[in-house]
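# Predicted structure and sequence below. I'll ask about it afterward.
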Amino acid sequence: MRESLVQSALELARRENAVVLLDLTPERVLEGVDVEIPIIFCDSHDTLDERVENIEFLFNKTMRGLKNFRNVIYRKVLSGEPIEGTVVAIQGDENMGFILTYDLSKSSILEDFRDAVSRVDPFTLHSVINIALEIGKEGREGQKIGTAFIVGDEYEVLKRSHQLILNPFEGHPLELRDVKNRENWETIKEFSQLDGVFVISSDGFVLSAGRYLDVDARGVKVRAGLGGRHIAAAAITRETEAIAITVSKSGGIVRMYKDGEEMMEIDPNLFP
């Protein structure tokens with residue numbers, strides 16, 4: 001079964017001119033296979049005693065593996081790499097298996113990013129997400145912290161918010177407030193420990209930190225277990241054209257919100 005599955009996946013990948021072969025199997029059946037197409041391994045690392053030989057188990061494993069692959073796509077998008085073509089994925093064991101194809105041009109991930117970067121500068125968005133990933137992965141002074149960045153439509157966002165403390169960025173030159181300049185990231189990460197959110201212009205300048213959002217969050221839905229920061233961040237994107245990026249204090253997960261809804265979730269630990 002395994003040899004037949006691998007052979008069928010390779011034939012399909014060549015016929016479709018696939019850009020990636022995705023191995024979702026726990027045994028990494030494509031490891032060592034001589035093929036000109038790049039292979040990405042995205043098994044979900046289940047232990048042996050968790051294995052159950054049925055189609056529902058394989059389906060659930062596939063969904064977890066594809067979630068890992070989604071983070072690979074996020075990583076490529078954030079690095080500015082071109083994403084296009086067909087992916088062929090293989091899943092199964094000695095008893096059963098299946099092959100999936102995925103057209104990246106129809107990816108909802110890419111559609112969401114295209115819409116987001118029509119509102120804010122792409123480099124700004126990429127920079128803020130990468131700052132958030134570093135905060136989520138590293139924390140600050142050995143402690144996990146949560147924060148949020150509201151990017152774009154800054155005049156409307158400022159009208160719907162107020163300072164909790166004196167604005168630490170007020171009066172500083174633009175070059176010291178530019179999120180696109182990596183040299184400024186440590187300063188931004190230091191102020192991420194403050195209560196409140198960052199407000200960042202669509203062209204990438206920090207306007208404020210420690211700001212409180214004055215928004216009506218009634219009817220806004222976020223994932224169970226997420227608190228007021230995520231609700232307020234989602235709500236401000238419902239009232240404005242801004243994009244919100246949050247870092248969860250528990251786990252460091254980075255999320256992006258647009259039009260009142262979550263459009264992306266990234267585990268920073270899956271990034272180098």
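Sure thing, it's come through. Residues are numbered from 1 along each chain as shown.
# so L125, which of the three states?
helix (DSSP: H, G, I helix; E, B strand; the rest coil).
# wait, it sits on I243?
Yes. The pair formed by L125 and I243 meets the contact definition of Cβ atoms under 8 Å, at 6.7 Å. (Each C-beta comes from the backbone N, C-alpha and C, glycine too.)
# Pick out whichever of these two has more residues nearby.
Neighbour totals were compared for L125 and I243, and I243 leads with 30 against 26 (other Cβ atoms under 10 Å).
# Now the more buried one: closest residue in space that isn't a chain neighbour?
Spatial nearest neighbour of I243, excluding adjacent residues (Cβ to Cβ, 6 or more residues apart in numbering): V151 at 4.8 Å.
# go on, L213?
A232 (4.4 Å).
# A helix includes that neighbour, no?
Yes. Counting by three-state DSSP, A232 falls inside a helix.
# mind checking how far it is from K189?
Between A232 and K189 the distance is 21 Å, computed by Cβ to Cβ, to the nearest Å.
# quick one: which of these two has more around it?
Of the pair A232 and K189, A232 is the one with more neighbours under other Cβ under 10 Å, namely 23 against 18.
# Distance check, that one against T101.
Counting by Cβ to Cβ - A232 and T101 are separated by 40 Å.
# what does E3 give?
20 Å.
# And K221, by the same measure?
32 Å.
# now D34
In terms of Cβ to Cβ, D34 sits 22 Å off from T101.
# Touching both of L125 and I243, which residues are there?
Residues touching both L125 and I243 by Cβ atoms under 8 Å, 6 or more residues apart in numbering: A116, V151.
# from what I can see the residue nearest to I243 touches A242, true?
Yes. Between V151 and A242 there is a contact under Cβ under 8 Å: 6.2 Å.
# between E3 and T101, who's got more neighbours?
A count of neighbours by other Cβ under 10 Å puts T101 above the other of E3 and T101, at 14 against 8.
# Next SSE downstream of the helix or strand in which that one is found?
Assigned by DSSP states H and E, T101 belongs to strand 97-103. Next helix or strand after strand 97-103 toward the C-terminus (DSSP H and E): helix 108-117.
# In PDB, list the C-alpha atoms belonging to that next one.
The C-alpha trace of helix 108-117 is given here as PDB (Å, rounded to 0.1, in the frame of the first residue of the first chain):
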ATOM      1  CA  SER A 108      -7.800  32.000   1.300                       C
ATOM      2  CA  ILE A 109      -4.600  32.900   3.100                       C
ATOM      3  CA  LEU A 110      -3.300  34.700   0.000                       C
ATOM      4  CA  GLU A 111      -6.700  36.300  -0.600                       C
ATOM      5  CA  ASP A 112      -6.800  37.700   2.900                       C
ATOM      6  CA  PHE A 113      -3.200  39.000   2.500                       C
ATOM      7  CA  ARG A 114      -4.000  40.700  -0.800                       C
ATOM      8  CA  ASP A 115      -7.000  42.500   0.800                       C
ATOM      9  CA  ALA A 116      -4.900  43.500   3.900                       C
ATOM     10  CA  VAL A 117      -2.100  44.900   1.900                       C
END
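# now the helices for this protein?
2-15, 55-78, 108-117, 122-138, 154-159, 185-191, 228-239 (DSSP state H).
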